[in-house]
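> Return atomic coordinates for the entry below.
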Amino acid sequence: MTSQHAFQQVDVFSAEALKGNPLAVVCDADGLSDAQMAAFANWTNLSETTFLLKPTSADADYRVRIFTPHGELPFAGHPTLGTCHVWLSRQAKAEKAEVVQECEAGLVRIRVSDGKLAFAAPPLRKSGPVDADILENIIEGLGLSKDAVVDANWTDNGPGWISLLLRSRKDVLNIKPNYPVLGGFKVGVVAPCSVEDAIEADFELRAFADGYEDPVTGSLNAGIAQWLIGQGLAPHSYVASQGTVLGRAGRVSVDKIGDDIWIGGAVTVLIEGTVTL
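Predicted structure coming up:
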């Protein structure tokens, strides 16, 4: 049997349509099987597709399952903001100042302020230095010289990120990844922007995973923020640019408030209707 579900496709981390990271959101998905969710996510062929469900925790407003075309993720950043935006659009009650999302990684707090959303970065599952042999492999896969790399760290909050801090935005933008050499590692790169870069952002990021480049990546920005701010390499508030090489103009706001680091951005609705599954 098939069923119809409200559906939205949104653009995350950009107030300008087609300049962020797309996300497909299927609503009222409690009756769908794992196989149906996985098949639809594979069909959309977006970096992530999410499914809105009733929460199982009394502390959550909703539950979400997050699928790539190849499998399920415990947490991801742009799906968190995009799904929350869709959930809020379907609520008849007044807008909340904070929403709690339930996902496989646990409960994630999302702040709502002036129409923008920001999620509290979840704890890192793995942090610390990267083994020398792994780092050497990644540097080769990115086509970098060792001199271009300032530091490297695990920044894994679910997807498995390893992040490299490079010397310049130009170093980041010039990367041409060799995915077979990267060997399946999910790699983020970041560098500070200079005045000469003439861009309204403090850092430039790129994300390489599963044989493709992700346009704008919330989980990577969260992990990198925890690393850089924790090491005193970034201020407590900054803006990151991502997606430049792909013709996007993603902008991610980072704010450390108390013990929390909030990762935020705009969400724009592009498609709204129903989907039959």
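> ok now do the nearest residue to Lys146 once chain neighbours are set aside, which residues does it touch?
Leaving aside its sequence neighbours, Lys146 sits nearest to Ile139 (Cβ to Cβ, 6 or more residues apart in numbering; 6.2 Å). For glycine as for every other residue, the C-beta is placed from the backbone atoms N, C-alpha and C. By Cβ atoms under 8 Å, 6 or more residues apart in numbering, the residues touching Ile139 are 145-146, 149, 164.
> Just send the residues you listed back as CSV, with pLDDT and neighbour count too.
Output for the contacts of Ile139, formatted as CSV (pLDDT from 0 to 100; neighbours: other Cβ atoms under 10 Å):
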residue, pLDDT, neighbour count
Ser145, 94, 8
Lys146, 89, 9
Val149, 98, 18
Leu164, 98, 27
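> Can I take it that Asp171 is in a strand?
No - using DSSP: H, G, I helix; E, B strand; the rest coil, the assignment for Asp171 is helix, not a strand.
> Isn't it up against Gly143?
No - applying Cβ atoms under 8 Å as the test, Asp171 and Gly143 come out as separate, 10.5 Å apart.
> quick revisit: how is the residue nearest to Lys146 assigned, secondary-structure-wise?
Judged by three-state DSSP, the three-state class of Ile139 is helix.
> what about Glu196, distance to Leu23?
Using Cβ to Cβ, to the nearest Å, we find Glu196 at a distance of 34 Å from Leu23.
> more neighbours, these two?
Just comparing Glu196 and Leu23: by other Cβ atoms under 10 Å the higher neighbour count belongs to Leu23, 28 against 9.
> Can you tell me the closest non-neighbouring residue to the more buried one?
Gly82 is the one closest to Leu23 (Cβ to Cβ, 6+ apart), at 3.8 Å.
> if you look at the contacts of Ile139, which of them are in strands?
Secondary structure from DSSP state E places 149, 164 of the contacts of Ile139 in strands.
> Tell me the one of the contacts of Ile139 nearest Trp43?
Of all these, Trp43 sits closest to Leu164, with 33.4 Å by Cβ to Cβ.
> so how far is Val269 from that closest one?
Leu164 sits at a distance of 34 Å from Val269 (criterion: Cβ to Cβ).
> Asp156 now?
31 Å.
> now do Asp197
Using Cβ to Cβ, Asp197 is found at 31 Å from Val269.
> Backbone dihedrals for the nearest residue to Thr2 once chain neighbours are set aside, please?
Excluding the flanking residues, the one nearest Thr2 by Cβ to Cβ, 6+ apart is Thr276, at 5.3 Å. Reported as degrees, to the nearest 10, the phi and psi values for Thr276 are phi -110, psi 120.
> returning to that earlier point: which stretch of helix or strand covers the residue nearest to Leu23?
In this structure, Gly82 sits in helix 77-89 according to DSSP states H and E.
> Low-confidence stretches in the stretch 51-200 of the chain?
94 (pLDDT under 70).
> Do a quick rundown of the strands in it.
For the stretch 51-200 of the chain, applying DSSP state E, counting those that start in this stretch gives strands covering 62-67, 72-73, 98-103, 106-113, 116-120, 126-128, 149-156, 161-166, 186-192.
> I'd like to know which of the ones you listed is closest to Ala39.
strand 62-67 (9.5 Å).
> what angle separates that closest one from helix 77-89?
Angle of strand 62-67 versus helix 77-89, following axes from the mean of the first three to the mean of the last three Cα atoms, to 10 degrees, is 140 degrees.
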